[in-house]
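Peer 1: Would you be able to build a 3D model of this:
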Amino acid sequence: VQLQASGGGLVQPGGSLRLSCAASGSIFSINDMDWYRQAPGKQRELVAYITSGGSTNYADSVKGRFTISRDNAKNTVYLQMDSLKPEDTAVYYCHADVLVAGVWFDYWGQGTLVTVSS
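Peer 2: Okay, here's the model as predicted:
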């Protein structure tokens, strides 16, 4: 199973980006899908998660600006990021709980860099 993240880049403050993360491989089912981020010199933090049923939760720092969604048919999770701030600069990682051959595993994407700067 692989998680492939994409969509990062350089954006000005106030701008928007949309991250995508597609899971592929011998997947029977996916439970929660999440986005984490890690800024330079800081610990990795949870940004948002979405359950298989579509329930969502967000870090206080991104509430009202970021939206997580998923397409279960495509095994893909998205993160729409609006009103971006310089403090959103980080490497963003997707994560998923994946059922493979009757066992649940944690999988991580490779990370995609988001830089918010003028």
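
Peer 1: Excluding chain neighbours, give the residue nearest to D71 in space.
Peer 2: Using CB to CB, 6 or more residues apart in numbering and skipping the chain neighbours, the partner closest in space to D71 is Y78 (7.7 Å). Placement of C-beta: from N, CA and C, glycine included.

Peer 1: can you check P86 too?
Peer 2: V116 (5.0 Å).

Peer 1: repeat for S69
Peer 2: Y78 (4.9 Å).

Peer 1: quick one: that neighbour from S26, how far?
Peer 2: When CB to CB, to the nearest Å is the yardstick, Y78 and S26 sit 23 Å from each other.

Peer 1: likewise K63?
Peer 2: For K63, the distance to S26 equals 36 Å [CB to CB].

Peer 1: starting at the chain centroid, how far to the host helix or strand of H95?
Peer 2: In the assignment (DSSP states H and E), H95 maps to strand 90-100. The chain centre lies 7 Å from the centre of strand 90-100; the measure is CA atoms, centre = their mean, to the nearest Å.
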